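Colleague: A predicted structure for the sequence below; I have some questions about it.
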Amino acid sequence: MSNQIAKLTFVSIASWACLGVSYAASPIEPGLPERVRAAQAMANNAPQCQVAQPFYWEIGDGRRVLASGQAGRKAPDAQTRLQIASASKWIYGAYVAEQRGGALTQDDIRYLNFQSGYTRFHMCRQGQTVEECRTSMLNRRGAQDTDSIGRFLYNGGHMQQHAALMGLGALDNQGLSQAILRGLGKAGQGWDLVYSQPQLAGGAQSNASDYGRFLRAMLSGDLKIGGLLGSHPVCTQPRSCPGEALKTPIPVTESWHYSLGHWVEDDPAVGDGAFSSPGAFGFYPWIDAGRQFYGIVAREERSGVLSGDPDSKPAVRSVECGRLMRQAWLLGHAP
């Protein structure tokens with residue numbers, strides 16, 4: 001390959017002879033070197049990943065980063081602060097789980113599963129607080145759409161309303177960052193997390209290194225949300241469940257479930273059951289269905305976000321690339 005080939009960071013290969021979950025297609029558990037080579041090959045060479053370049057990638061377990069790299073020219077690195085968009089939702093879900101001690105109320109579940117009826121939210125403006133944003137004219141004064149109560153409709157208004165009920169309404173960007181990190185306990189210490197707007201569902205900025213620590217905290221049990229992954233799932237694809245779902249960002253070719261601020265990639269045809277929270281600009285964090293590994297495709301691309309072609313959207317491209325890398329990692333070879 002050319003100079004665009006990813007630089008590989010290989011962590012403690014010699015001390016890791018055999019890691020990971022068993023996979024039906026592979027009778028012999030792959031070792032770490034095989035996993036790393038397979039994931040790196042996907043990042044560099046797979047057409048689905050080449051269209052997503054440049055990006056930084058990282059894969060690890062509940063204790064540490066196992067491998068990482070950069071694919072494409074001028075790729076971000078582990079410390080590059082990026083607009084993570086809807087990857088913010090997983091953070092807010094984790095915050096709520098911590099505040100509730102892992103015991104969510106039925107109202108919490110309804111809000112975090114986007115079934116509350118608060119579906120008229122658009123965006124926040126600079127200088128607003130959480131509550132000022134929620135009740136602005138742009139966001140229809142925070143009005144509830146009673147027709148959508150109890151049905152999935154993907155919109156940031158659910159979390160914005162819930163945050164106000166959680167006592168976060170008076171906070172601006174800085175105050176919100178501090179409150180969320182404080183609420184995450186040890187997992188939030190030293191995290192470079194800032195809000196460019198006081199929007200719980202999409203306003204955060206972070207870097208792959210710190211988001212990776214967040215995912216490790218789920219896997220290690222340091223965050224309550226780790227024990228709630230995939231719980232209380234709801235159907236999200238109107239074509240699959242028209243009476244239960246009204247609007248989804250998932251392409252019509254697939255059907256996923258939603259669970260407390262994160263997706264369950266369980267499409268019957270191509271899904272592998274992974275948990276994830278892809279952002280509109282291409283930031284894609286995931287945890288595998290076996291809850292042993294996490295991964296991140298970290299990038300920020302603005303072109304294609306509003307495209308009517310799903311295949312050109314940064315989030316879709318990152319998911320398709322990240323899914324291949326995940327499969328390669330679990331198998332120890334190309335899927």
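Modeller: On my side now, so go ahead.
Colleague: Let me see the contact set for residue 104.
Modeller: Applying Cβ atoms under 8 Å, 6 or more residues apart in numbering to residue 104 gives the contacts 96, 97, 112, 228, 232, 260. Where C-beta positions appear, they are placed from N, C-alpha and C, glycine not excepted.
Colleague: give the contact list for the fourth one.
Modeller: Looking back up the chat, that one is residue 228. Taking Cβ under 8 Å, 6+ apart, we find residue 228 in contact with 97, 102, 104, 259, 260.
Colleague: Which pair of the contacts of residue 104 spans the longest distance?
Modeller: With Cβ to Cβ as the measure, no two of the contacts of residue 104 lie farther apart than 96 and 232, at 12.5 Å.
Colleague: okay, these two: which has more neighbours?
Modeller: The neighbour comparison of residue 96 against residue 232 (other Cβ atoms under 10 Å) goes to residue 96, with 26 against 16.
Colleague: Surely the more buried one is in a strand?
Modeller: No: looking at residue 96 with DSSP: H, G, I helix; E, B strand; the rest coil, it is helix, so not inside a strand.
Colleague: and residue 265, what pLDDT?
Modeller: pLDDT recorded at residue 265 is 98.
Colleague: ok, now residue 310?
Modeller: For residue 310, the model assigns a pLDDT of 81.
Colleague: So what does the closest residue to it other than its chain neighbours look like in phi/psi?
Modeller: Distances taken as Cβ to Cβ, 6 or more residues apart in numbering place residue 251 nearest to residue 310, at 4.1 Å, with adjacent residues excluded. Residue 251 has phi and psi values of phi -50, psi 150 when expressed as degrees, to the nearest 10.
Colleague: gap between residue 251 and residue 85?
Modeller: Residue 251 is 17 Å from residue 85, where distance means Cβ to Cβ, to the nearest Å.
Colleague: okay, the two: which has more neighbours?
Modeller: residue 85 (24 against 17).
Colleague: That one contacts residue 277, doesn't it?
Modeller: No: counting by Cβ atoms under 8 Å, residue 85 does not reach residue 277; the two are 9.4 Å apart.
Colleague: quick one, what contacts the residue nearest to the spatial centre of the chain?
Modeller: The residue lying closest to the centre of the chain (Cα atoms, centre = their mean) is residue 277, at 2.1 Å. Counting by Cβ under 8 Å, 6+ apart, residue 277 makes contact with 86, 87, 89, 90, 261, 262, 263, 285.
Colleague: Which members of those residues occur in strands, if any?
Modeller: Of the positions in the contacts of residue 277, 262, 263, 285 sit in strands, assigned by DSSP state E.
Colleague: on that earlier part again, what sits closest to the residue nearest to the centre of the chain if chain neighbours are left out?
Modeller: In space, and not counting its chain neighbours, residue 277 is closest to residue 90: 3.9 Å by Cβ to Cβ, 6+ apart.
Colleague: picking that back up, which residues are in contact with each of residue 96 and residue 232?
Modeller: Common neighbours of residue 96 and residue 232, counting by Cβ under 8 Å, 6+ apart, are 104, 260.
Colleague: And the furthest pair within the contacts of residue 277?
Modeller: Across the contacts of residue 277 (Cβ to Cβ), the longest gap, 11.9 Å, separates 261 and 285.
Colleague: intersection of neighbour lists for the two?
Modeller: Residues touching both residue 261 and residue 285 by Cβ under 8 Å, 6+ apart: 90, 277.
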